[in-house]
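> Just a sequence and a predicted model for now, questions to come.
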Amino acid sequence: ALAGRQHEMRLHGSLLNSVLADQQSQVMLVQGMAGMGKSRLLAEMVDFAQQHFLCAVQVEIQDFGGDRHRAVCAALLKSLLDLHEVTPFWDQLVNQRVGHFGLQADQMLVCRELLAMSLGAEERLVLQAMGHAARAQFLVQLLATIVARMALQRPMLIVVEDAHWASASTIETLARVMTASHEAQVLWVLSGRVEEPQRLADLQRMIPDVAVTSLSLAPLRPHEVKDLLHQFDHVDEAWRHQCIQRAQGHPLFLTQLLMADRHECLPDNFQHLLQVRLDEVSPQDRHALRLAAVLGQSFSTADIHALMPVPGYQLDALVQHCFLRHLDGDRFDFLHALIRQGIYEALPVRQREAMHVQMAQHFEACDTALAAQHLHKARQARAPAALLSAAQARHEDFDHEAALSLLLMYGGIDYAPRDEQAYAMLLGDVHAKMGSMPQARKAYELAVVKAEDEVTRLMAKVALAGVLNVLEDLAAEEALIDEALPQAEAVGA
């Protein structure tokens, strides 16, 4: 049971009643420091909604690997449609689930792409011709239509956890869906760290027509701490008192202190405590935890089995020690992001980089973007080429947000040589496809400067001329064409 937070739950219940009474959606923003109990509170809100016969949908945004905007939108769509396990009959199952929503042809095409359904050559040509802005609009319409029509049948709670890790594109998409479906009976609940408030602040500015309630989680009050202690009746009273004094109402720190073996001296902080608790498990379990921390917040047993030197290793002991929790199927995640972060940051740099190289080799065949990011984390000389190649692949697959995220990583590389011209050209292509013409102009101008031969310089100028035309800077376009024509003749173009 949730310890304390009765005030927060009363507020949640009041907002649900308001949504039902007014038949208008509302947004609840839950902010707090890391470890303050946001995830546990959201889980209680989901349970409460389900007990009162609401449809509850939940999406968690991961930190490592980038936001992967399309992956987040796909996760939300799958959760709305109750699609979890990929089956051999995936296309038929999706068609069955979306068939009664009355989607338009363009919305259905975006749905098929988002859910990795089989697409014919003609459908891919339609998507390519559609353009980024049109696809983004159809995605919003797709999600808003499904949300609104589901809420007609049954009021909804939609939870987005860890929104501070979302990309700007994800926040914009969520805001547009909220606005488009604001007359539906939906309570949106988004959580974020108070240390990283920008994303939730951006969201609030984008939804002026939707009622927003902000909740800031404070440390547990004394009577709430007493509620929590009921779960630790087996712990010596004197030790419990010392833990309470040290934790100062921080729920994660307090529970981890109470779960640790008793020592002569209390750990000074969470990082120290985590090291003490790591010392309590076997070397094999410690290695598994470190591998998992490098993998990210969430991971599969298949990944751990492939990476562990011991065949058939099981994660049960780490669940029992409250480092990990089992999700569904073969998926596990860390009990809290701070646990994963603490284990990761405590790794010696060389060991951490070696593990990232190991991860890159593991993911190379199935996820080139993730493999490239692991190489980047390991500061490997081949990381720039891997990031550029992965960005190109994402761009060609219409996932321009993911391509841009990879290119931003590439632009920050300071440990290996970079192909500045290829980077600038691809950056310009991505920005142009996303309709960000001023940024595309800057990128193509850089590509012209960085070109090492006349052919690549000419290609950059041609691309730049197209952008100048869209921006209606006709004088600059004409001057550029006059400059490029003799160069084209010289290289036989």
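Okay, I see it. Since this is a predicted model, take the numbers as computed values, not measurements.
> Tell me the helix or strand right after the helix or strand containing residue 73.
Residue 73 is part of helix 69-80 when elements are defined by DSSP states H and E. Next in sequence after helix 69-80, counting helices and strands by DSSP H and E, comes helix 90-98.
> Need the contact partners of that following helix.
81, 82, 83, 87, 108, 111, 112, 115, 116, 117, 118, 146 (CB atoms under 8 Å, 6 or more residues apart in numbering). No exception for glycine: its C-beta is placed from N, CA and C like everyone else's.
> Neighbour count added to those, as JSON lines?
As requested, the contacts of helix 90-98 are exported to JSON lines (neighbours: other CB atoms under 10 Å):
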{"residue": "81", "neighbour count": "19"}
{"residue": "82", "neighbour count": "9"}
{"residue": "83", "neighbour count": "18"}
{"residue": "87", "neighbour count": "10"}
{"residue": "108", "neighbour count": "18"}
{"residue": "111", "neighbour count": "24"}
{"residue": "112", "neighbour count": "18"}
{"residue": "115", "neighbour count": "19"}
{"residue": "116", "neighbour count": "12"}
{"residue": "117", "neighbour count": "17"}
{"residue": "118", "neighbour count": "8"}
{"residue": "146", "neighbour count": "22"}
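> Confidence-wise, which of the residues you listed comes last?
Within the contacts of helix 90-98, pLDDT reaches its minimum at residue 87, with 79.
> Quick one: residues contacting that one.
By CB under 8 Å, 6+ apart, the neighbours of residue 87 are residue 93.
> now it: how far from residue 94?
10 Å (CB to CB, to the nearest Å).
> What of residue 398?
The gap separating residue 398 from residue 94 is 19 Å, by CB to CB.
> any idea which helix or strand carries the residue lying closest to residue 378 once chain neighbours are set aside?
Of all residues not flanking residue 378 in the chain, residue 356 sits nearest, at 3.7 Å (CB to CB, 6 or more residues apart in numbering). Residue 356 is part of helix 349-363 when elements are defined by DSSP H and E.
> quick one: contacts of that helix?
Counting by CB under 8 Å, 6+ apart, 290-291, 294-295, 303, 306-307, 344, 347, 370-372, 374-375, 377-380, 386 sit against helix 349-363.
> cool, stretch 175-186 as well?
19-20, 23-27, 140-141, 143-144, 147-148, 151-152, 155-158, 188, 203, 206-207, 209-210.
> What of stretch 39-47?
2, 5, 8-9, 12, 30, 56, 58, 157, 159, 161, 189, 191, 217, 251, 336.
> give me that answer again for 7 Å
Stretch 39-47 is contacted from outside by 2, 5, 8-9, 12, 30, 56, 58, 157, 159, 161, 189, 191, using CB atoms under 7 Å, 6 or more residues apart in numbering.
> Quick one: buried ones out of those residues?
Among the contacts of stretch 39-47, those buried by neighbour count (16 or more other CB atoms under 10 Å) are 2, 5, 8, 12, 30, 56, 58, 157, 159, 161, 189, 191.
> Return the member of those nearest to residue 463.
Relative to residue 463, the closest of those is residue 161; by CB to CB it sits at 40.3 Å.
> Can you show me the helices along the stretch 301-450 of the chain?
For the stretch 301-450 of the chain, the helices defined by DSSP state H, counting those that start in this stretch occupy 301-307, 316-320, 337-346, 349-363, 368-377, 383-396, 400-411, 420-433, 437-450.
> How about the stretch 1-150 of the chain?
Secondary structure of the stretch 1-150 of the chain (DSSP H, counting those that start in this stretch): helices located at 6-22, 38-51, 69-80, 90-98, 105-114, 121-130, 132-153.
> contacts for the third one?
This means helix 69-80. Contacts for helix 69-80 (CB under 7 Å, 6+ apart): 57-59, 61, 84, 114-115, 139, 143, 146-147, 150, 166-167, 169-170, 173, 399, 401-402.
> Just the buried residues from those residues, in ChimeraX please.
Buried subset of the contacts of helix 69-80, written as a ChimeraX selection, criterion 16+ other CB under 10 Å:
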select :57,58,59,61,114,115,139,143,146,147,150,166,167,169,170,173,399,401,402
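> Residue 325 against residue 331, yeah?
No: in terms of CB atoms under 7 Å, residue 325 does not count as a neighbour of residue 331; the distance is 9.9 Å.
> Separate out the buried members of the contacts of helix 349-363.
290-291, 294-295, 303, 307, 344, 370-372, 374-375, 377-378, 380, 386.
> Of those, which is the nearest to residue 242?
Looking across the buried ones among the contacts of helix 349-363 and measuring by CB to CB, the closest to residue 242 is residue 344, at 28.5 Å.
> Run through the residues that contact the closest one.
With CB under 7 Å, 6+ apart, residue 344 has these contacts: 293, 294.
> same thing with residue 258?
232, 235, 240, 243.
> Among those residues, which are located in helices?
240, 243 (DSSP state H).
> which among the contacts of residue 258 end up buried?
Buried subset of those (neighbour count, 16+ other CB under 10 Å): 232, 240, 243.
> what does stretch 321-341 contact?
By CB under 7 Å, 6+ apart, the residues outside stretch 321-341 that reach it are 34-35, 63, 84-85, 252, 259, 270, 274, 281, 289, 293, 297-302, 315, 318-319.
> What are the buried residues along it?
321, 323-324, 332-341.
> Columns pLDDT and distance to residue 196 on top of the residues you listed, output as JSON lines?
Listed next are the buried residues of stretch 321-341 as JSON lines, based on pLDDT from 0 to 100; distance: CB to CB, whole Å:
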{"residue": "321", "pLDDT": "87", "distance to residue 196": "29"}
{"residue": "323", "pLDDT": "92", "distance to residue 196": "24"}
{"residue": "324", "pLDDT": "93", "distance to residue 196": "24"}
{"residue": "332", "pLDDT": "93", "distance to residue 196": "25"}
{"residue": "333", "pLDDT": "90", "distance to residue 196": "20"}
{"residue": "334", "pLDDT": "92", "distance to residue 196": "18"}
{"residue": "335", "pLDDT": "86", "distance to residue 196": "20"}
{"residue": "336", "pLDDT": "85", "distance to residue 196": "16"}
{"residue": "337", "pLDDT": "85", "distance to residue 196": "12"}
{"residue": "338", "pLDDT": "84", "distance to residue 196": "14"}
{"residue": "339", "pLDDT": "89", "distance to residue 196": "18"}
{"residue": "340", "pLDDT": "91", "distance to residue 196": "16"}
{"residue": "341", "pLDDT": "88", "distance to residue 196": "13"}
